[in-house]
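Undergrad: sequence unknown, structure follows:
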Ligand SMILES: Cc1cc2nc3c(=O)[nH]c(=O)nc-3n(C[C@H](O)[C@H](O)[C@H](O)COP(=O)(O)OP(=O)(O)OC[C@H]3O[C@@H](n4cnc5c(N)ncnc54)[C@H](O)[C@@H]3O)c2cc1C
């Protein structure tokens, strides 16, 4: 295992999907002398990347986000870590149908393969969905899921193989030395490292890391609740990663993603469950991982009578099943847009976050100087 050098040209903090993407793209662009640090072990250091549903939808009203998503998709396909399933955004109300029609316009404008569909057409491909609760949908052929830990490993290994990057896991950044607005060095659990450039790719911890440099990255850790329900009789013996299209139930703010004979149901319909970054447990304190916090049943009850999702097998009916609740922190950029601005008071410190699709490898564009 590599030890922490005393200096590097670039230090990238974080080995989630964003940090791994940054080291890969920097190496591709010719940068060398890069050190990547993560406080957790590899390949799954305990951030959000290790327990996401991993799906990518392709339509966005914003052209920039749409293009980033498509470029990410291209890269994932090249890496062989993408499984295409197709996906539906479904509507229960006329108002939502109007929005889906607007999304169809954006799909046409940005060249995304999509079409408006009837409830019967959705049910043809998704037999576990109740067509009576929806009035239509938007089909996106190219939707699918990514093996994000594998993608991260491939990108990191490629950068290491080029001789551009040294990756040092199990090292935590504790503080930063800032001189005249530039980060000069980091104090870590494995000692001090000087750096010309520092990239913060620390997901929900980014606010705390930026504060070490006297800068602010406006991200707030927010819990996103997701359960895995199964095995479901309707999905019995479904092999592999995914065999049915993913459903985004836009009116109930839920999604359903079949995974083998289980169904992952995610909800954005609950109250805003926000945390101070200091409340995120350390690796030692965390029961599961730092980003998997206690599940709060009252915020997300999949068997409640409320129409929480369009999959009757997952909500209204009870079959022989086991439910494994999981919940985790995601970040909320306050603007809803990628936070790509340079923090004002530390010129050598740039945030990196997956944008467009939150799963996307963030493209970076600096040239070696
Ligand atoms: C339940 C759930 C489901 C999701 N589903 C999807 C989905 O279907 N599709 C999608 O696109 N997105 C999804 N997301 C969002 C997605 O998982 C995240 O946007 C993405 O994984 C964030 O990657 P990251 O590299 O920025 O952060 P992380 O993966 O969290 O990596 C940050 C790393 O920084 C390290 N770190 C932090 N502080 C320090 C320090 N002081 N010193 C050293 N290292 C440090 C951490 O150990 C961690 O490994 C989901 C999220 C959740 C929670």
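TA: Arrived safely. Everything numeric in this text was worked out from a predicted model, so none of it was measured.
Undergrad: so where is the protein shaky, pLDDT-wise?
TA: For the chain, the stretches with pLDDT under 70 are 301-369.
Undergrad: interface residues of it facing the ligand?
TA: Contact residues, the chain versus the ligand (Cβ under 6 Å from any ligand atom): 13-19, 37-40, 45-49, 51-56, 172-173, 201-205, 209, 224, 226, 266, 328, 330, 353-354, 357-359. No exception for glycine: its C-beta is placed from N, CA and C like everyone else's.
Undergrad: Quick one: the helices in the chain, in order.
TA: 17-28, 63-79, 94-110, 119-125, 148-161, 206-212 (DSSP state H).
Undergrad: Columns mean neighbour count and distance to residue 243 on top of those helices, output as TSV?
TA: Formatted as TSV, the helices of the chain follow (neighbours: other Cβ atoms under 10 Å; distance: least, Cβ to Cβ, whole Å):
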stretch	mean neighbour count	distance to residue 243
helix 17-28	26	24
helix 63-79	18	19
helix 94-110	15	24
helix 119-125	15	10
helix 148-161	20	19
helix 206-212	21	36
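Undergrad: and residue 237, which of those helices is closest to it?
TA: Each of the helices of the chain has some distance to residue 237 by Cβ to Cβ; the shortest is helix 119-125, at 18.5 Å.
Undergrad: for that closest one, packing partners?
TA: With contacts defined as 3 or more Cβ pairs under 8 Å, 6 or more residues apart in numbering; DSSP states H and E, helix 119-125 has these neighbours: strand 87-91, strand 136-140.
Undergrad: Identify, out of these, the most deeply packed stretch.
TA: Ranked by mean neighbour count, those are led by strand 87-91 with a mean of 26 (mean count of other Cβ atoms under 10 Å).
Undergrad: what lines up beside it in the sheet?
TA: Strand pairing for strand 87-91, determined by DSSP bridges: strand 136-140 (antiparallel), strand 246-249 (parallel).
Undergrad: thinking again about what came up before, just send the helices of the chain back as a markdown table, with distance to residue 182 too.
TA: Converted to a markdown table, the helices of the chain look like this (distance: least, Cβ to Cβ, whole Å):
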| stretch | distance to residue 182 |
| --- | --- |
| helix 17-28 | 18 |
| helix 63-79 | 28 |
| helix 94-110 | 38 |
| helix 119-125 | 54 |
| helix 148-161 | 24 |
| helix 206-212 | 14 |
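Undergrad: Would you quantify the distance from the residue of the chain most remote from its centre to the ligand?
TA: Most distant residue from the mean C-alpha position of the chain: residue 180, 34.3 Å away (Cα atoms, centre = their mean). For residue 180, the distance to the ligand (Cβ to the nearest ligand atom, to the nearest Å) stands at 23 Å.
Undergrad: Nearest to residue 98, out of the helices and strands packed on helix 119-125?
TA: Of the helices and strands packed on helix 119-125, nearest to residue 98 by Cβ to Cβ is strand 87-91, at 8.6 Å.
Undergrad: how big is the angle separating that closest one from helix 94-110?
TA: Interaxial angle of strand 87-91 relative to helix 94-110 (axes from the mean of the first three to the mean of the last three Cα atoms, to 10 degrees): 140 degrees.
Undergrad: Contacts for strand 87-91, please.
TA: Here strand 87-91 makes contact (Cβ atoms under 8 Å, 6 or more residues apart in numbering) with 55, 57, 59, 97, 99-100, 103, 117, 122, 125-126, 129, 134-140, 143-144, 245-251, 310.
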